[in-house]
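Asker: predicted model and sequence below, questions to follow.
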Amino acid sequence: MEKIRIAIIGIGNCASSLIQGIYYYQDKKPEEAIGLMHWDIGGYKPSDIEVVAAFDIDQRKVGADLSKAIFAKPNCTKVFCNDIPEMGVEVTMGRVLDGVAQHMAEYDDDRTFIISKEMEKRKEDIVKVLKDSGAEILLNYLPVGSEEATKFYAECALEAGIAFINNMPVFIVSDPKWASRFEEKNIPIVGDDIKAQIGATITHRNLASLFRERGVKLERTYQLNTGGNTDFLNMLNRSRLDSKKESKTEAVQSVLAERLDPENIHIGPSDYVPWQKDNKLCFLRMEGKTFGDVPMNIELRLSVEDSPNSAGCVIDAIRCSKIALERGIGGPLTSISAYTMKHPPQQFTDDKAREMVDEFIAGKRER
């Protein structure tokens, strides 16, 4: 089959894990493919994905071959596949806008971005790179809080006529105005804000569903996360977190039997711990009442490598987007968005979302 040609904005830890995974699974047999939610989607395997364009603003990555850029600082995710050949894709200087929080300039170069002195690209420059590369799908891996930059690249996708997967919490796919623009052009979009395979939010959602299904009244809950990658460093600026907190909180509220008052639910990043690097720790507590109004609580500590956990979902979103392109389907892809994203245009339980994705793959569901 032909390759799925993708472009990536932001060559950080998440992009590194995704690209490592494409090569890691290329020689695997289905029975050896540990860590995938789907081995085959519409005939496409993980290794059928090809990165044809990449954008970043860090001088250690701009101008470098993508095979080298994914391992450049400040990336710190686990290397599970270091045998990446020269890819022949040079990282292009992108557009900064609000993609870098001001406070990050206070940290040493090993932990933050060094903005390239190369001239920032205009929209027409980005669009030209996308068109010349033959990219079919654009992935957004910008830092949390990059509202202007995300909208800029969404405009680039619209102008280039390619699908857009929004992996971060700026509301594009779940905003009816943006969604209608992609639908009018018959361009598929998936988003917003990527879930992990087994991460803090998906675990919290499933425990919340368990409370509901077993008749336990959830009265209050929190989810506190710490990590040491650039994402957590960026999120020390609390002003960049509004959409992130809304996305994560709504993902849990949407599966509750009864929505909690804001003072009884707290979900969001807690702190930056440099030595954790790309390891994310989640501290979760849920308090409720069981039979006879008797109180109970659950406390959970979850440790995951953040970026591979995200790549396990993105690799399905990419292949479902390709199917949509082949079938001439535009606008929000409801099923894969609900399955892989925290803030999709429409929330469903995770079991229902999985069922919908399988129906979409089989051609029994339009989107």
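Answerer: Yep, it's here.

Asker: quick one: buried residues of stretch 323-342?
Answerer: 323-325, 329-342 (16 or more other C-beta atoms under 10 Å). Every C-beta, even on glycine, is put in place using the N, C-alpha and C of the backbone.

Asker: err, stretch 168-179, not the other one
Answerer: Buried, per 16+ other C-beta under 10 Å, within stretch 168-179: 168-175, 178-179.

Asker: and what of stretch 67-79?
Answerer: Going by neighbour count (16+ other C-beta under 10 Å), the buried part of stretch 67-79 is 67, 69-72, 74-78.

Asker: residues contacting Arg5?
Answerer: Residues near Arg5 by C-beta atoms under 8 Å, 6 or more residues apart in numbering: 50, 52, 133-137.

Asker: should've said Phe171
Answerer: 178, 192, 243, 247, 343.

Asker: could you check how far it is from Gly35?
Answerer: 29 Å (C-beta to C-beta, to the nearest Å).

Asker: quick one: buried ones out of the contacts of Arg5?
Answerer: Applying 16+ other C-beta under 10 Å to those flags 50, 52, 133, 135-137 as buried.

Asker: just how off-centre is the lowest-mean-pLDDT helix or strand in the chain within its chain?
Answerer: Lowest by mean pLDDT, DSSP states H and E among the helices and strands of the chain is strand 265-272, with a mean of 89. Centroid separation for strand 265-272 versus its chain: 18 Å, with C-alpha atoms, centre = their mean, to the nearest Å.

Asker: and for stretch 191-200?
Answerer: Distance of stretch 191-200 from the chain centroid (C-alpha atoms, centre = their mean) equals 6 Å.

Asker: mind starting the numbering at 37 from now?
Answerer: All set: I'll call the first residue 37, so the last point we hit is now stretch 227-236.

Asker: quick one, helices of the stretch 37-186 of the chain?
Answerer: Secondary structure of the stretch 37-186 of the chain, counting by DSSP state H, counting those that start in this stretch: helices at 49-60, 102-105, 159-169, 183-196.

Asker: please compute how far the longest one lies from its chain's middle.
Answerer: This points to helix 183-196. 16 Å.

Asker: just the ones of the buried residues of stretch 359-378 in helices?
Answerer: The helices, defined by DSSP state H, take in 359-361, 370-376 from the buried residues of stretch 359-378.

Asker: quick check, nearest of the residues you listed to Gln383?
Answerer: Distances from Gln383 to these, taken as C-beta to C-beta, are shortest for Ala374 (6.5 Å).

Asker: does the closest residue in space to the closest one that isn't next to it in sequence count as helix, strand or coil?
Answerer: Leaving aside its chain neighbours, Ala374 sits nearest to Ala389 (4.0 Å; criterion: C-beta to C-beta, 6 or more residues apart in numbering). Following DSSP: H, G, I helix; E, B strand; the rest coil, Ala389 is assigned to helix.

Asker: so Ala389 makes contact with Met377?
Answerer: No: at 9.5 Å, Ala389 and Met377 do not qualify as touching, with contact defined as C-beta atoms under 8 Å.

Asker: and for Leu260, the neighbour number?
Answerer: Leu260 has 16 neighbours, counted by other C-beta atoms under 10 Å.

Asker: what does Gly79 give?
Answerer: By other C-beta under 10 Å, 12 other residues sit near Gly79.

Asker: and the residue of the chain most remote from its centre, how close does it get to Val252?
Answerer: Relative to the centre of the chain, the most outlying C-alpha is that of Gly328, 41.7 Å out, by C-alpha atoms, centre = their mean. Applying C-beta to C-beta, the value for Gly328 to Val252 is 12 Å.

Asker: so where do the helices sit in the stretch 187-336 of the chain?
Answerer: 212-220, 236-249, 266-270, 278-289.

Asker: closest to Cys50 out of these?
Answerer: Of all the helices of the stretch 187-336 of the chain, helix 266-270 comes closest under C-beta to C-beta, at 8.5 Å.
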